[in-house]
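**Q** Sequence and computational prediction follow.
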Amino acid sequence: MAGILFIISAPSGSGKSTLVSELRKQVSGVDFSVSWTTRAPRGSEEDGREYHFTTREEFLRMADDGLFLEHAEVFGKLYGTARLSLDDARAAGHDLLLDIDVKGAAQVRQKMPEAVGIFVLPPNPNVLRTRLRNRMRAEGVVDEDELHRRLGEARKEIENFRQYGYILINDILDRAVAQLEAIVLAERFYRNGEPIAYRSRRVLEVAAACLQTNSQERMKPVLEAFGILGDSGQQQLPFGDEPDDD
């Protein structure tokens, strides 16, 4: 039975990697695609675990050879998903989870429109700022200009939430993990007829509540906090951005 392709995206610092790690501890048969990147390892990261680290020249050669399912440049560094990850997951009958940004996700959706999209939202800019600053502090350098730039990029990424079928707000980790698990189990149930052994009705309810179409009220304060929605509920430009001249 063919596996399901899950795409999970979020602004940097939203806790996406932690969610993915916790999901894989609790749900079997979910492979994780280790992306390739030209950025340097951070802290305790190891080659082949968090990322495959490579040079820009080698990355571009791989792209020219058609080895990537998607690739994009983020903050001046290249990131890509190898096609081999999808081939291996399919051969094993496993689901595959891609942890990629909105640009890469758009590329994958063009090739595989059946993919399940999940977008993770931080609860508000203050929480995101704190998470980003803590990450920088752990890496040894807190660059306020870089922090400000990443917050601006986060707002731009969040504007793409409508491209995803499911929305998670990562304010309470345990709840967000349970919601992500429910989404995976519900999609297996609906697509492959795979039974849900434990509290099936509740799992389906939790997953349904995370559908973008059912998440408007939960998302509204988050989007307003990031300056994406005004009081009228209409989408606006992020703080600090001005409309382009025609």
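**A** Here it is on my side, so go on. Numbering: from 1, shown residues only.
**Q** Packing partners of the host helix or strand of residue 177?
**A** Secondary-structure assignment from DSSP states H and E places residue 177 in helix 173-192. The elements that helix 173-192 packs onto, with contact taken as 3 or more Cβ pairs under 8 Å, 6 or more residues apart in numbering; DSSP states H and E, are strand 5-9, helix 16-26, strand 116-121, strand 166-169, helix 200-209. C-betas here are computed from N, CA, C, even on glycine.
**Q** Export these to a markdown table and append columns for mean pLDDT, mean neighbour count and distance to residue 37.
**A** Listed next are the helices and strands packed on helix 173-192 as a markdown table, based on pLDDT from 0 to 100; neighbours: other Cβ atoms under 10 Å; distance: least, Cβ to Cβ, whole Å:
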| stretch | mean pLDDT | mean neighbour count | distance to residue 37 |
| --- | --- | --- | --- |
| strand 5-9 | 97 | 24 | 16 |
| helix 16-26 | 92 | 16 | 13 |
| strand 116-121 | 97 | 24 | 19 |
| strand 166-169 | 97 | 24 | 24 |
| helix 200-209 | 92 | 15 | 31 |
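**Q** In JSON lines, list those along with distance to residue 107.
**A** As requested, the helices and strands packed on helix 173-192 are exported to JSON lines (distance: least, Cβ to Cβ, whole Å):
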{"stretch": "strand 5-9", "distance to residue 107": "10"}
{"stretch": "helix 16-26", "distance to residue 107": "18"}
{"stretch": "strand 116-121", "distance to residue 107": "13"}
{"stretch": "strand 166-169", "distance to residue 107": "19"}
{"stretch": "helix 200-209", "distance to residue 107": "26"}
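**Q** between the ones you listed, which gets nearest to residue 90?
**A** Closest approach to residue 90 among those is made by strand 5-9 (9.2 Å; Cβ to Cβ).
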